[in-house]
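1. Build the 3D model from these lines:
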Amino acid sequence: MQLSGVDVLGYVAGLITAFTFLPQVIKTWKTQSAKDVSLAMFLIAFSNQILWLAFGVLRADPVIIITNAVMLIMTSLMIALKLKYNHS
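-> Residues are numbered from 1 along each chain as shown. Sure thing, here's the model as predicted:
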């Protein structure tokens, strides 16, 4: 399978997008505090990733699938950390 320039662009953009929440996940994990993190924002993002993932599966588009699967993991981690460390 040979990737076109457009495919490479999509994968690179997807990779960057997929790790959007990584700095917040790391900070929350290290500080064990989530008092300034918006649970509502991450619940909205979670719903968004589920819809995009379903869209990607229906279109059989690996860029959309991979990007949103990783985003779903990051968002799920943030929701779990928010629920765990909300007391701080």
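2. Spatially central, which residue of this protein would that be?
-> By C-alpha atoms, centre = their mean, the chain has its centre lying nearest to residue 71, at 1.7 Å.
3. what packs against the host helix or strand of that one?
-> Using DSSP states H and E, the element containing residue 71 is helix 62-85. Judged by 3 or more C-beta pairs under 8 Å, 6 or more residues apart in numbering; DSSP states H and E, the packing partners of helix 62-85 are helix 5-18, helix 22-31, helix 39-59. Where you see a C-beta, it was placed from the backbone N, CA and C, and this is true even at glycine.
4. export those to TSV and tack on mean neighbour count and mean pLDDT?
-> Listed next are the helices and strands packed on helix 62-85 as TSV, based on neighbours: other C-beta atoms under 10 Å; pLDDT from 0 to 100:
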stretch	mean neighbour count	mean pLDDT
helix 5-18	13	91
helix 22-31	14	92
helix 39-59	14	96
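5. just to revisit the earlier point, from residue 74, how far off is the closest residue to the residue nearest to the centre of the chain other than its chain neighbours?
-> Excluding its sequence neighbours, the residue lying closest to residue 71 (C-beta to C-beta, 6 or more residues apart in numbering) is residue 49, at 4.7 Å. To residue 74, residue 49 is 9 Å away according to C-beta to C-beta, to the nearest Å.
6. what does residue 60 give?
-> The gap separating residue 60 from residue 74 is 23 Å, by C-beta to C-beta.
7. Show me which of these two is the more surrounded one.
-> Remark: of residue 60 and residue 74, residue 74 carries more neighbours, 20 against 8, as counted by other C-beta atoms under 10 Å.
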